[in-house]
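K.L.:
A structural model of the following input is requested.
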Amino acid sequence: MLKIDIKPVTLADHPAIHEVYRQCEDFISLGPIAKASMDMVIADIQEATAESGIYSGIFYGKKMIGVVSYVPSHFEFRPVDAFILLLMIIPPYRRKGIGGEVLSRIEKDIYSQGRVRAIKCGVQVNNPGAIRFWEKYGYSITGGPELLPDKTTVYHLRKDIDRGGKSIGTT
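P.N.:
Below is the predicted model of the structure:
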């Protein structure tokens, strides 16, 4: 597996983030807007900020190869819930264990909050590869399909955590 770093992004990183989005248009095109734009990048960063979330770049050396965004606790005003907003990795770095490593690291951050009992996410119904990814790491479909205001249709997924900070679901 490649050695990666997950670091907060700055305004200076916006062009690199846009390039990640551009290279991930296979994923982006599953939604209502098929082409990546700087407006899309800024909207995603603003969404994370509005939710008291964390938006970070995934780096291999100095190269940004992906992004991850999550709300570590208090999702929808519930201290026991966390939510993963976005996990995207550019195609040349997929299927190398990086997504699982990133997920493991952010889950550890979430667990360190102490109160969180569940991590939730939404996955587009037309993205079976992503559904398999989340299920592989212990997330289960708990709802949906639901048509969202942005015109995407998603399944709701959830991974429950026991009091010891370990997953109750399958891994």
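K.L.:
and His156, which helix or strand is it part of?
P.N.:
strand 153-160 (DSSP states H and E).
K.L.:
which residues does that strand contact?
P.N.:
Where contact means CB atoms under 8 Å, 6 or more residues apart in numbering, the residues beyond strand 153-160 that reach it are 107, 117-126, 131, 134-135, 137-148, 167-169. Just so you know, the C-beta spots here come from the backbone N, C-alpha and C atoms, and that holds for glycine as well.
K.L.:
now with 6 Å, please.
P.N.:
Where contact means CB atoms under 6 Å, 6 or more residues apart in numbering, the residues beyond strand 153-160 that reach it are 118-125, 134, 138-139, 141-147, 167-169.
K.L.:
just the CA trace of that strand, in CSV.
P.N.:
Extracted in CSV, the C-alpha atoms of strand 153-160 (Å, rounded to 0.1, in the frame of the first residue of the first chain):
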residue,chain,number,x,y,z
THR,A,153,-31.1,9.2,-5.3
VAL,A,154,-29.2,7.6,-2.4
TYR,A,155,-29.2,4.8,0.0
HIS,A,156,-28.5,5.7,3.6
LEU,A,157,-25.8,3.6,5.2
ARG,A,158,-24.7,3.3,8.8
LYS,A,159,-22.0,1.7,10.9
ASP,A,160,-22.8,1.3,14.6
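K.L.:
how distant is that strand from the center of its chain?
P.N.:
12 Å (CA atoms, centre = their mean, to the nearest Å).
K.L.:
and the average pLDDT for that strand is what?
P.N.:
For strand 153-160, mean pLDDT is 96.
K.L.:
just the buried residues of it, please?
P.N.:
Of all the residues in strand 153-160, those buried under the rule 16 or more other CB atoms under 10 Å are 154-159.
K.L.:
direction included, what does it pair against?
P.N.:
In the sheet, strand 153-160 lines up against strand 118-124 (antiparallel), strand 140-147 (antiparallel) (DSSP bridges).
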